[in-house]
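Chemist: Sequence first, predicted coordinates after that:
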Amino acid sequence: MSVIDHLWAVRQLLAVPGYLPLFAYATAGRAACEAAAKVGYLLNETIGYETRLLRGAVLLREDAESRMKAAKALPEDFPVAGTAVRDAQYLWNVITGRISRAGIIEICNSGGKPIRLQIPGLPGRGEPIKVVLSDLVSAAFPDRPNLYRQASGTAHSAPWMLSDAVVSSPGPHLELTPDILGIGATALVCIDAGGVVSAAYAAYYGHDPAPAARARKVRTTALDLCMNDWFSRRRFFG
């Protein structure tokens, strides 16, 4: 759902006649990548049932913990603060109770802090309790190195990324223009995000992944050709 919604948002941002956003497309594309990477993490065809169960537990536990932190961060005099905390605590109890009944245990470090989930008696060290999104994205998009980091720079308003939009010389007038190569890179990542989800669901549900893979290849090749042509023309004509 999140992948589709953010891919649709990128499409809408880039489809407005006579207008190209400076940065917003990259932020939406980044969110699509993160969501697709989570799908790939959970439905990875190379893992077994037990590992998938652990990963599902990790994601559910992390979500419940985030909800709890958000509820507790509300001001005490906020009208729904008490209800929000009670609801979050109830959800936390439900999720951790289900995890425990599934035979999954928490492994703690020397300080007593949970660091991973594990099923006793199974080989391996279980799954880390903290999902590092940047690592998931790197694994899901190996052919797009550093694009996620660049999108992160845009999402967090880092000058090293935002300054690319400035094309005017120092002076009283500021001239800004969209980064065409950045738009192309985001489009490539969005195509890949759809491909990651399509491949994961095909493998999990037993569908043929070939049609989606062919369509992804056609779109990627067409975009590569367009970007190469644009860059060549820009370099030639200055």
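Modeler: Nice, thanks for sending it over.
Chemist: Tell me the helices and strands packed up against the longest helix seen in the chain.
Modeler: The helix that spans the most residues within the chain, counting by DSSP state H, is helix 210-237. Applying 3 or more C-beta pairs under 8 Å, 6 or more residues apart in numbering; DSSP states H and E, we find helix 210-237 packed against helix 180-205. Every C-beta, even on glycine, is put in place using the N, C-alpha and C of the backbone.
Chemist: that older thread, buried residues in the longest helix of the chain?
Modeler: Residues 212, 216, 219-220, 223, 227 are the ones in helix 210-237 that count as buried (16 or more other C-beta atoms under 10 Å).
Chemist: That one versus helix 180-205: what angle between them?
Modeler: Taking axes from the mean of the first three to the mean of the last three C-alpha atoms, to 10 degrees, helix 210-237 and helix 180-205 form an angle of 170 degrees between their directions.
Chemist: could you pull out the strands for the chain?
Modeler: 105-108, 114-118, 127-128 (DSSP state E).
Chemist: Now render these as a markdown table, adding mean neighbour count.
Modeler: As requested, these are exported to a markdown table (neighbours: other C-beta atoms under 10 Å):
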| stretch | mean neighbour count |
| --- | --- |
| strand 105-108 | 14 |
| strand 114-118 | 17 |
| strand 127-128 | 20 |
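Chemist: Between the ones you listed, which one is closest to residue 71.
Modeler: strand 114-118 (19.9 Å; C-beta to C-beta).
Chemist: Tell me which residue is most central in the chain.
Modeler: residue 34 (0.5 Å; C-alpha atoms, centre = their mean).
Chemist: Residue 135 is in contact with that one, correct?
Modeler: No - using C-beta atoms under 8 Å, residue 34 makes no contact with residue 135, being 11.4 Å away.
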